[in-house]
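Peer 1: coords please:
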Amino acid sequence: MPNEDRLCKELLIAHYDEFQGDQYCFDRLVRMQHYGLPTRLLDISSNPLVALFFACYCPPEFMEVEGEVIIFRISSDAVKYYDSDTVSCIANLSNLTYPQKNEINLTQNVEAFNETGVAGKLLHHIKSEKGFFEPKIAPDDLGSIVCVKAKRTNTRIKSQAGAFLLFGHEATLPEFGQEGIEIARVTVIEKQHILDQLDAININATSVYPSIDQTAVHLRERYRQPAAVE
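Peer 2: Numbers count the residues shown, from 1 in each chain. Purely as a prediction, here's the structure:
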């Protein structure tokens, strides 16, 4: 977290063309997450079978270790979309330096907070993507965790029925959830048996990670065992 703004800027500098089509800061964070950069996003899926695949898919040495499907119960009216004002406010925290983030005081009321220097800096970043955004940033929103449906701009998000939990300033999610986000868990055993069943309905590494290199890996593993000689 102390280097969040540097991580984002360095990746943008190195691969600026990749982000040209991203309208919002949240869109850029999704793309950065896709390429493996640590962000304030947590990948989730709306497809329980995809979640089950992730709970089972692992290197051979961990196949006997229990897996776990974590279920997030979030009311539909609490789900945000990529162009939400709340999402813009939280996502643009990633543009603030660590000292600037340390100036944030979430206990202030809306009026007092929006008169602070750090609120002005955050507003500057928000206005770069939403020019008509009013200077009324809610501190409670900045510290929240929201479920966001992203644009399905790449095949991986489409195939994984992907969505995201977007974490606000110093936000942490307790093991057993919080108001608005209930958490349940399902222990998974017999991983290989489940993977074989999922493969029968075309949920496998090739369909979940739709890229030619992953398809090659999947095919290699499928045919690793030598054919039986009659």
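Peer 1: following the least confident helix or strand in the chain by mean pLDDT, which helix or strand comes up?
Peer 2: The weakest-scoring helix or strand in the chain, judged by mean pLDDT, DSSP states H and E, is helix 155-159 (a mean of 60). Counting by DSSP states H and E, the element after helix 155-159 in chain order, helix or strand, is strand 162-167.
Peer 1: Pull the residues that contact that next one.
Peer 2: 26, 29-30, 33, 40-46, 72, 79-80, 87, 90-91, 145-150, 152, 156, 173, 181 (CB atoms under 8 Å, 6 or more residues apart in numbering). Using the backbone N, CA and C atoms, a C-beta is placed for each residue, glycine as well.
Peer 1: Stretch 118-129: which residues count as buried?
Peer 2: The neighbour-count check on stretch 118-129 (16 or more other CB atoms under 10 Å) flags 118-119, 122-123, 125-126, 129 as buried.
Peer 1: Return that stretch as CSV; C-alpha atoms alone will do.
Peer 2: In CSV, the C-alpha atoms belonging to stretch 118-129 read as follows (Å, rounded to 0.1, in the frame of the first residue of the first chain):
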residue,chain,number,x,y,z
VAL,A,118,-6.3,15.9,0.5
ALA,A,119,-9.9,16.1,-0.5
GLY,A,120,-8.9,18.7,-3.1
LYS,A,121,-6.2,16.4,-4.4
LEU,A,122,-8.6,13.5,-4.6
LEU,A,123,-11.3,15.7,-6.3
HIS,A,124,-8.7,16.7,-8.9
HIS,A,125,-8.2,13.0,-9.9
ILE,A,126,-12.0,12.3,-9.9
LYS,A,127,-12.7,15.3,-12.1
SER,A,128,-10.1,14.1,-14.7
GLU,A,129,-12.6,11.3,-15.5
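Peer 1: how about the helices in the protein?
Peer 2: 4-14, 25-34, 48-56, 85-91, 98-102, 110-114, 117-127, 139-142, 155-159, 191-200, 205-208, 212-222 (DSSP state H).
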